[in-house]
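Peer 1: can't give you the sequence, but here's the structure:
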């Protein structure tokens with residue numbers, strides 16, 4: 001009864017002063033009303049506002065199934081229209097409580113069956129947090145709050161090796177490369193760096209957890225992945241333990257059991273409620289499966305947009321690896337990648353806040369080496385061997401910066417990239 005009275009008072013505030021609706025509609029949706037009739041009336045008020053129609057007891061009664069007396073009662077239940085925002089917040093809070101109660105009821109029935117109650121609870125918390133953020137804000141509200149914090153640095157995450165590339169909460173960053181170039185190795189490298197400060201999770205669809213552990217060991221202990229495959233001596237193993245002991249403190253987790261978009265989004269939501277900041281998906285092509293009557297293009301497009309929505313809803317930084325199409329130039333060499341090479345769907349580029357394209361040059365590509373030496377004023381590149389190959393990081397899209405291509409070194413045994421030194 002109390003909720004209905006508050007809902008009536010909110011309707012009454014709008015009937016007293018139609019200008020109140022615009023502010024209250026940023027807080028309350030039609031679905032937030034416990035009364036279906038009042039929910040329909042709230043939707044009608046939205047239509048009338050968009051039409052520029054007059055809103056009062058007379059005009060509203062002519063377009064809804066509520067009689068004029070019921071509308072007058074609602075209007076009388078509101079003392080002054082200035083209370084409208086308070087009523088809207090109360091209606092929203094009551095709606096949130098109903099969501100919790102409904103989910104709790106579901107949990108009580110599923111706790112003893114094969115369902116995952118932890119995932120359901122995590123999704124409920126994530127949904128409520130989304131609801132807290134989804135209300136629109138006017139410029140008059142946003143700008144004064146921003147003015148107060150202009151001298152305070154914003155929260156952002158630096159991309160390893162590139163401190164001027166900033167990632168913000170809700171960003172989706174895509175790393176694209178052709179097969180065998182090193183996108184998974186780069187994912188392991190940046191996860192290593194980030195997890196020293198931020199809770200980070202890798203979703204691996206291509207490798208098992210043990211393979212990721214080997215990449216971390218190879219990078220820090222100076223042993224090759226092949227040597228780890230063949231087995232170390234006791235003395236070598238002890239050295240590896242000493243050199244990698246600090247890795248035990250990484251805030252890094254690896255999940256290799258997730259294979260669908262639905263399962264991935266559910267786990268990211270749960271990870272976010274546990275304090276997670278960064279999620280890395282390796283890689284998009286393996287995550288997507290076509291539905292009945294659905295093309296590959298449509299499946300990738302849908303997956304990309306759902307992942308971007310998930311990043312925005314949870315506030316997590318989402319890094320998605322994507323395989324690029326192979327294209328060769330007139331000489332038969334693989335040409336430098338471009339955004340159009342993102343496989344299966346242009347939506348990946350559109351949804352991404354940033355795109356990094358990886359390329360490794362062949363050892364005999366003297367033209368590329370000479371070009372980098374001249375254009376970037378970097379040290380002599382012609383002497384690099386296979387173990388220390390020349391690569392390129394092309395930040396082809398940066399929503400908050402200028403696109404740039406940068407020469408890099410690739411260490412095969414160490415499975416990592418590094419900056420090329422200047423003269």
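Peer 2: Structure's in. What do you need? Just so it is clear, the structure is predicted and the values come from calculations on it, not from any experiment.

Peer 1: pull the longest helix from the protein.
Peer 2: helix 84-110 (DSSP state H).

Peer 1: Could you look up the SS state of the nearest residue to residue 389 once chain neighbours are set aside?
Peer 2: Spatially, and ignoring its direct neighbours in sequence, residue 389 is nearest to residue 410 (4.5 Å; CB to CB, 6 or more residues apart in numbering). Using the backbone N, CA and C atoms, a C-beta is placed for each residue, glycine as well. The local conformation at residue 410, judged by DSSP: H, G, I helix; E, B strand; the rest coil, is strand.

Peer 1: any chance you could map the helices in the stretch 301-423 of the chain?
Peer 2: 347-351, 366-376 (DSSP state H, counting those that start in this stretch).

Peer 1: separation between residue 260 and residue 217?
Peer 2: From residue 260 across to residue 217, the span is 30 Å (CB to CB, to the nearest Å).

Peer 1: neighbour-wise, which of those two wins?
Peer 2: residue 217 (21 against 12; other CB atoms under 10 Å).

Peer 1: do you know how far the more buried one is from residue 228?
Peer 2: Distance, residue 217 to residue 228, by CB to CB: 6 Å.

Peer 1: before we move on, the earlier item: helices and strands around the longest helix of the chain, which ones?
Peer 2: helix 2-16, helix 20-24, helix 117-133 (3 or more CB pairs under 8 Å, 6 or more residues apart in numbering; DSSP states H and E).

Peer 1: That one relative to helix 2-16, how many degrees between them?
Peer 2: 150 degrees (axes from the mean of the first three to the mean of the last three CA atoms, to 10 degrees).

Peer 1: Give me the distance from helix 84-110 to the chain's centre.
Peer 2: When C-alpha coordinates are averaged (CA atoms, centre = their mean, to the nearest Å), helix 84-110 and its chain have centres 26 Å apart.

Peer 1: ok, now stretch 259-269?
Peer 2: 12 Å.

Peer 1: Domain map for this structure?
Peer 2: 2-144, 157-419 (automatic domain parsing).

Peer 1: Compare these and give me the one nearest residue 151.
Peer 2: Residue 151 lies closest, by CB to CB, to one member of these: domain 2-144, at 14.6 Å.

Peer 1: State the mean pLDDT of the closest one.
Peer 2: Averaging pLDDT along domain 2-144 yields 79.

Peer 1: Can you get me the centre-to-centre distance for that domain and its chain?
Peer 2: Distance, centroid of domain 2-144 to centroid of chain: 28 Å (CA atoms, centre = their mean).

Peer 1: contacting residues around residue 417?
Peer 2: 161, 182, 185, 186, 189, 391, 393, 408, 409, 410, 411 (CB atoms under 8 Å, 6 or more residues apart in numbering).

Peer 1: most neighbours, which of the residues you listed?
Peer 2: Within these, neighbour counts (other CB under 10 Å) peak at residue 186, which reaches 27 neighbours.

Peer 1: and whatever helix or strand that one lives in, what does it pack onto?
Peer 2: Applying DSSP states H and E as the criterion places residue 186 in helix 183-194. In terms of contacts (3+ CB pairs under 8 Å, 6+ apart), helix 183-194 is packed against strand 172-177, strand 200-204, helix 209-221, strand 278-282, strand 317-323, strand 416-419.
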